[in-house]
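Enquirer: What follows is a predicted protein model with its sequence.
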Amino acid sequence: ALVVLGGVRDMEDWERSMVQEKCRESGVPHRRLSLGRHAELSSKVMKASEAADDLGFLGPALARCQAEGWAPRDPLPAGQGRSPFHVVVVAPVPLASYVATPEAANVLV
């Protein structure tokens, strides 16, 4: 997979077009995804992606998006400024032990 991040700002239209064109020329599927409605630091996005992969739900989540035709989710209810984001982790060890692991720290980024 090729991941292109906007960095410290969102990508300009010409930049998005260039990435899309190069993907098409190379035969690489191109999808724009968002982790939420607010800009985040690239390092935080990468850490969240890494943690999701480490915990085993990034691949299935992307497969579900693909199966649903990459359709955007329903709009937020009126008055709600951002999408709720909940991660539920079933700890493989007692909670007191799990919270001291790097995986737990990554989930809480």
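Expert: Yes, it's here.
Enquirer: Which per-residue confidence value corresponds to the residue lying closest to residue 49 once chain neighbours are set aside?
Expert: Spatial nearest neighbour of residue 49, chain neighbours left out: residue 58 (6.4 Å); criterion: Cβ to Cβ, 6 or more residues apart in numbering. Every C-beta, even on glycine, is put in place using the N, C-alpha and C of the backbone. Listed pLDDT for residue 58 reads 84.
Enquirer: Can you get me a residue count around residue 58?
Expert: For residue 58, the tally of surrounding residues (other Cβ atoms under 10 Å) stands at 15.
Enquirer: how about the helices in this protein?
Expert: Under the criterion DSSP state H, helices of the chain are mapped to 13-26, 42-54, 58-67, 95-98, 102-107.
Enquirer: Quick check: which ranges of this protein have low pLDDT?
Expert: Scanning the chain for pLDDT under 70 picks out 1-9, 33-42, 73-88, 108-109.
Enquirer: Now with 80, please.
Expert: Within the chain, the ranges that satisfy pLDDT under 80 run 1-11, 30-48, 70-91, 99, 103-109.
Enquirer: give me the number of residues near the residue nearest to residue 23 when sequence neighbours are not counted?
Expert: Closest residue to residue 23 apart from its sequence neighbours, by Cβ to Cβ, 6+ apart: residue 30 at 3.9 Å. A count of nearby residues for residue 30, using other Cβ under 10 Å, gives 14.
Enquirer: for residue 51, same thing?
Expert: Neighbour count for residue 51, taken as other Cβ under 10 Å: 21.
Enquirer: same deal with residue 61?
Expert: A count of nearby residues for residue 61, using other Cβ under 10 Å, gives 12.
Enquirer: What of residue 64?
Expert: 10.
Enquirer: Same question for residue 45.
Expert: 18.
Enquirer: can you tell me how far the residue nearest to residue 23 sits from residue 67?
Expert: Per Cβ to Cβ, to the nearest Å, residue 30 is found 17 Å from residue 67.
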